[in-house]
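In: sequence first, then the predicted structure, then my questions.
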Amino acid sequence: MKSGDSTTIDVPNSAASSGAAAKGKAVPVAAAPLPRPGGWKRGVAIFDFILRLCAIVTALAAAATMGTTDQVLPFFTQFFQFEASYDDLPTFQFFVIAMAIVGGYLVLSLPFSIVCIVRPHAVGIRFLLLILDTMALTLTTAAGAAAAAIVYLAHNGNPNTNWLPICQQFGDFCRNASGAVVASLITAVLLVVLVLVSAMALRRV
């Protein structure tokens, strides 16, 4: 190399290099929020709706069966006609009213159950249904237990109080009353399941 020759050194532009590096950087992207795990709650809400439909059928069947329970024996005397009807016993009257109230409540609760299907995380509606289902269960159990006691006496009587069984004479009356009591007990079992379903749906995951 001669002393008179000059050497040129290319120095890269720092601004350009930094810009290129900046272009190569990955832009951080905010992670999307994970969806709330509500699939099983929606399934529970659908199961709740089906149970309410079944309970409506059994409650109204119990009220209708007991309300139409009536039998007149084919023989009578000059002064007496042998007849057995549900309105002869206040317990059976209470049973018909109670089961009609429970059936009506269950019909009115269907829209709230549908809301729980659409919004499975709705806590207020589910808690309201839990309270009302418990009240309906209490009323159903009271009516069913009281009617069952009368049906037991109709079948077996009570020798200690000289209450004679009447089902040998009023067979249709006793069969209808027994069927109504069985339907009320099935309604009570369905309401127990509804209360448990509502409590499970309110459990936070």
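Out: Cool, the structure landed. Not measured: the values here are computed from a predicted model. Residues are numbered from 1 along each chain as shown.

In: tell me where the model's unsure across this structure.
Out: 1-39, 71-83, 204-205 (pLDDT under 70).

In: now do the helices in it.
Out: Taking DSSP state H to define them, one finds helices in the chain at 14-24, 39-67, 90-108, 110-118, 123-156, 171-202.

In: would JSON lines of those with mean neighbour count and distance to residue 164 be doable?
Out: All C-beta spots, glycine's among them, are computed from the backbone N, C-alpha and C. Below are the helices of the chain laid out as JSON lines (neighbours: other Cβ atoms under 10 Å; distance: least, Cβ to Cβ, whole Å):
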{"stretch": "helix 14-24", "mean neighbour count": "9", "distance to residue 164": "101"}
{"stretch": "helix 39-67", "mean neighbour count": "19", "distance to residue 164": "22"}
{"stretch": "helix 90-108", "mean neighbour count": "19", "distance to residue 164": "18"}
{"stretch": "helix 110-118", "mean neighbour count": "15", "distance to residue 164": "45"}
{"stretch": "helix 123-156", "mean neighbour count": "18", "distance to residue 164": "10"}
{"stretch": "helix 171-202", "mean neighbour count": "19", "distance to residue 164": "13"}
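
In: Throw those into JSON lines and include distance to residue 165, thanks.
Out: Below are the helices of the chain laid out as JSON lines (distance: least, Cβ to Cβ, whole Å):
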{"stretch": "helix 14-24", "distance to residue 165": "96"}
{"stretch": "helix 39-67", "distance to residue 165": "19"}
{"stretch": "helix 90-108", "distance to residue 165": "17"}
{"stretch": "helix 110-118", "distance to residue 165": "41"}
{"stretch": "helix 123-156", "distance to residue 165": "6"}
{"stretch": "helix 171-202", "distance to residue 165": "9"}
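
In: out of those, flag the one nearest residue 162.
Out: helix 123-156 (12.0 Å; Cβ to Cβ).

In: against which helices or strands is that closest one packed?
Out: In terms of contacts (3 or more Cβ pairs under 8 Å, 6 or more residues apart in numbering; DSSP states H and E), helix 123-156 is packed against helix 39-67, helix 90-108, helix 110-118, helix 171-202.

In: which strands and helices lie in contact with the second one?
Out: Taking 3+ Cβ pairs under 8 Å, 6+ apart as the contact definition, the neighbouring helices and strands of helix 90-108 are helix 39-67, helix 123-156, helix 171-202.

In: now do the contacts for the nearest residue to residue 137 once chain neighbours are set aside.
Out: Spatial nearest neighbour of residue 137, chain neighbours left out: residue 191 (4.1 Å); criterion: Cβ to Cβ, 6 or more residues apart in numbering. Residues near residue 191 by Cβ atoms under 8 Å, 6 or more residues apart in numbering: 55, 102, 133, 136-137, 140.

In: then residue 56?
Out: Residue 56 touches 103, 106-107, counting by Cβ under 8 Å, 6+ apart.
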